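Visitor: sequence-free structure coming up:
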């Protein structure tokens, strides 16, 4: 059913694109809203009739995956959910995948957020997606949620020297001193890995500037696609690896599924999103090609007229 | 407003009510507050469609969604600022009694006279609203700008300047983690995989040429002619490729957000997918 649905959708999309090309070559105008309609169909069709592709992890993604893999069980990993609902469709899949991976490897995971809106998403993620897969993991022993603290870079500037000054308690107002994970953690310098997932300010860049470089703390970043190109110059000297947009999330999910059989049936929103991504990109590229054909045809016509 | 506008608004209202009713019925038994849940999902779907309707043309539904978003955001951030910055960060350091009143854990070891300084600066900042005392707000503003600049200067100098220059010094032969063992060894063991020595070397050459020609392009004290002009043209190509990569990533990001909204409409509202 899904295959038939997607084939029909492809026929409609490419039939429409061909009709548009013919229409444009005949110098008839194409309304901009037609482009929106095509993009809508290209995105909606693979959502209704899911298509997934296999992914191969690129070196930047593989690097962060290998870092999580290579850390010994019991390592302290901090995951910062620095995003809001607007960014969530893009970065939530990678946040969930990395969280699961860290818990599976037996790392002690500290969850936090530098964004006020990130705390609600973090709590929701923990309750709905991450913890149901790990009923054996206990709060304050295997993971802890220290929540959100206002202050942007100021927070990072403090926790690089003392966690307790900025986070005296966890999100449930339990003092950090009574939380086992924090027994041998005074500051960010005592962490084995920090992964910041976000795309705004404060976000991955601030973690590199205020924690990674001054504290010599390994930083991994998962970022919204818009910001990814700005973070590439930091790889590999200043960041361990980069998950750029939903493509990065899909590669991470695929590698996780391939490597660990426990995740074989894991929900993979990143991989699912690559279907609409692929088709939408094909449509956009088709429009660029059609636009260029029309432009060249127009120039030729102009020359002939002269 | 025209008569047709009223008719469209009435139709949308009826559709909204029908959708709310159907959604609530479908949620009956799954949630205690199924009527409220039904309303929230239907209203979210309405706002999504209202914003997307701008793609057709500007209309009252889009304006409503836009104004609602701005108003709710302003109110939300004001409340959040009060509860997270003043209540959670400041009050526990000022007074135990106030901390108890606001039900935030006090920090006994942290009481310090210096924490009254931000309170005073905060009040001074509000003087901008006073008709004659507006100039007073410049003092805390100057403090904010000064401290932010001072704090960021060192961090950016270290990470975005010194370390970035250091990152640009890459080996042109035998890129990490591979050691250069001579041309003979290189050509007899050539590895074209992404993690191989050949690809790593190409990457380093691209970084070297990209940085060098990019700098040439931005050097305006010498006319861009001859070999210098050729370097400058390579530099502009490198810049264009960078902008292209950024644009590609931006398109991917925007499509992801569209996927998120359409998934919400199909899954949560229309229940077409599970």
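Guide: Here it is on my side, so go on. Treat the numbers as computed from the prediction; the structure is a model and nothing was measured. Numbers count the residues shown, from 1 in each chain, chains lettered A, B, ... in the order given.
Visitor: When you work out contacts or count neighbours from here on, use the C-alpha atoms and nothing else.
Guide: Will do.
Visitor: what sits against the closest residue to chain A within chain B?
Guide: Per Cα to the nearest Cα, residue B:250 is where chain B lies closest to chain A, at 4.6 Å. For residue B:250, the contact set (Cα atoms under 8 Å, 6 or more residues apart in numbering or on different chains) comprises A:225-226.
Visitor: For it, pull up the helix or strand it's in.
Guide: helix B:226-263 (DSSP states H and E).
Visitor: Please apply the same query to residue A:46.
Guide: helix A:32-48.
Visitor: same for the following helix or strand past that helix, what does it pack against?
Guide: Using DSSP H and E, the helix or strand that follows helix A:32-48 in sequence is helix A:59-70. Counting contacts by 3 or more Cα pairs under 8 Å, 6 or more residues apart in numbering or on different chains; DSSP states H and E, helix A:59-70 is packed against strand A:241-244, helix A:245-259.
Visitor: For chain A, what lies in contact range of chain B?
Guide: A:33, A:36, A:43-44, A:47-48, A:59, A:86-87, A:89-90, A:116, A:149-151, A:168, A:173, A:208-210, A:213-214, A:224-226, A:228-229, A:233-234, A:237, A:245-246, A:273, A:276-277, A:280-281 (Cα under 8 Å from any Cα of the partner chain).
Visitor: Give me the subset of those lying in helices.
Guide: A:33, A:36, A:43-44, A:47-48, A:59, A:89-90, A:116, A:213-214, A:228-229, A:245-246, A:273, A:276-277, A:280-281 (DSSP state H).
Visitor: Buried by neighbour count, from the residues you listed: which ones?
Guide: The neighbour-count test (16 or more other Cα atoms under 10 Å in any protein chain shown) marks A:43-44, A:47-48, A:89-90, A:116, A:213, A:228-229, A:245-246, A:273, A:276-277, A:280-281 as buried among these.
Visitor: Could you look up the SS state of residue B:78?
Guide: Of the three states, residue B:78 takes helix under DSSP: H, G, I helix; E, B strand; the rest coil.
Visitor: From start to finish, how long is stretch B:170-181 in a straight line?
Guide: Taking Cα to Cα, to the nearest Å as the measure, stretch B:170-181 stretches 17 Å from start to finish.
Visitor: again but with stretch A:225-240, I slipped
Guide: With Cα to Cα applied, stretch A:225-240 spans 18 Å between its terminal residues.
Visitor: how much distance is there from that stretch to the middle of the chain?
Guide: From the chain centre to the centre of stretch A:225-240 is a distance of 13 Å (Cα atoms, centre = their mean, to the nearest Å).
Visitor: how much space between the residue positioned nearest the centre of chain A and residue A:21?
Guide: In chain A, the centroid-proximal residue (Cα atoms, centre = their mean) is residue A:91; its distance is 3.0 Å. Distance, residue A:91 to residue A:21, by Cα to Cα: 36 Å.
Visitor: Give me the domain ranges for chain A.
Guide: A:2-51+A:270-305, A:59-261 (automatic domain parsing).
Visitor: list the contacts for residue A:183?
Guide: residue A:177.
Visitor: Distance-wise, check it relative to chain B.
Guide: Separation of residue A:183 from chain B (Cα to the nearest Cα, to the nearest Å): 19 Å.
Visitor: Kindly report the same for residue A:170.
Guide: For residue A:170 relative to chain B (Cα to the nearest Cα), the value is 11 Å.
Visitor: Ok, residue A:108 next?
Guide: 25 Å.
Visitor: For that residue, grab the count of nearby residues.
Guide: Counted by other Cα atoms under 10 Å in any protein chain shown, the residues lying close to residue A:108 total 25.
Visitor: Do I have it right that it meets residue A:71?
Guide: No - judged on Cα atoms under 8 Å, residue A:108 makes no contact with residue A:71 at a distance of 11.0 Å.
Visitor: The spatially closest residue to residue A:232 that is not a sequence neighbour pairs with what?
Guide: Of all residues not flanking residue A:232 in the chain, residue A:242 sits nearest, at 7.6 Å (Cα to Cα, 6 or more residues apart in numbering or on different chains). Note on residue A:242: beta-bridge partners by DSSP bridges are residue A:221.
Visitor: Just give me the neighbour total for residue A:242.
Guide: Counted with other Cα under 10 Å, residues neighbouring residue A:242 total 31.
Visitor: Quick check: phi and psi on residue A:239?
Guide: Dihedral angles of residue A:239 (phi, psi; degrees, to the nearest 10) stand at phi -130, psi 150.
Visitor: where's it relative to residue A:306, distance?
Guide: From residue A:239 across to residue A:306, the span is 58 Å (Cα to Cα).
Visitor: Contacts only, for the residue of the stretch 101-250 of chain A found nearest chain B.
Guide: The nearest approach of the stretch 101-250 of chain A to chain B comes at residue A:226, 4.6 Å away (Cα to the nearest Cα). Neighbour list for residue A:226: A:199, A:245, B:246-247, B:249-250, B:253 [criterion: Cα under 8 Å, 6+ apart].
Visitor: so what's it scoring on pLDDT?
Guide: Here the pLDDT value assigned to residue A:226 is 91.
Visitor: same deal with residue B:175?
Guide: Residue B:175 is given a pLDDT of 69.
Visitor: And residue A:151, by the same measure?
Guide: 89.
Visitor: Then residue A:31?
Guide: We have a pLDDT of 85 for residue A:31.
Visitor: Now for it, how many residues are close by?
Guide: Neighbours of residue A:31 (other Cα under 10 Å): 8.
Visitor: do you know how far it is from residue A:43?
Guide: 20 Å.
Visitor: cool, residue A:156 as well?
Guide: The value you get for residue A:156 to residue A:43, if Cα to Cα is used, is 39 Å.
Visitor: ditto for residue B:163
Guide: Taken as Cα to Cα, the span from residue B:163 to residue A:43 is 41 Å.
Visitor: Could you list the contact residues of chain B toward chain A?
Guide: Counting by Cα under 8 Å from any Cα, the residues of chain B close to chain A are B:55-56, B:80, B:84-85, B:89, B:105, B:107, B:155-156, B:158-159, B:164, B:167, B:194-195, B:245-247, B:249-250, B:252-253, B:255-260, B:262-263, B:266, B:272-273.
Visitor: low-scoring stretches of the stretch 101-250 of chain B, by residue?
Guide: B:108-111, B:175-178 (pLDDT under 70).
Visitor: What of the stretch 1-150 of chain A?
Guide: For the stretch 1-150 of chain A, the stretches with pLDDT under 70 are A:1-2.
Visitor: now do 80
Guide: For the stretch 1-150 of chain A, the stretches with pLDDT under 80 are A:1-3, A:5, A:24-29.
Visitor: Which single residue of it approaches chain B most closely?
Guide: Taking Cα to the nearest Cα, chain B has its nearest neighbour within the stretch 1-150 of chain A at residue A:89, 5.2 Å off.
Visitor: Taking helix A:59-70 as reference, get the angle to the host helix or strand of residue A:197.
Guide: Using DSSP H and E, residue A:197 sits within strand A:193-198. Put simply, strand A:193-198 runs at 140 degrees to helix A:59-70, going by axes from the mean of the first three to the mean of the last three Cα atoms, to 10 degrees.
Visitor: Which strands border strand A:193-198, and is each parallel or antiparallel?
Guide: Paired neighbours of strand A:193-198 in the sheet (DSSP bridges): strand A:76-82 (parallel), strand A:219-223 (parallel).
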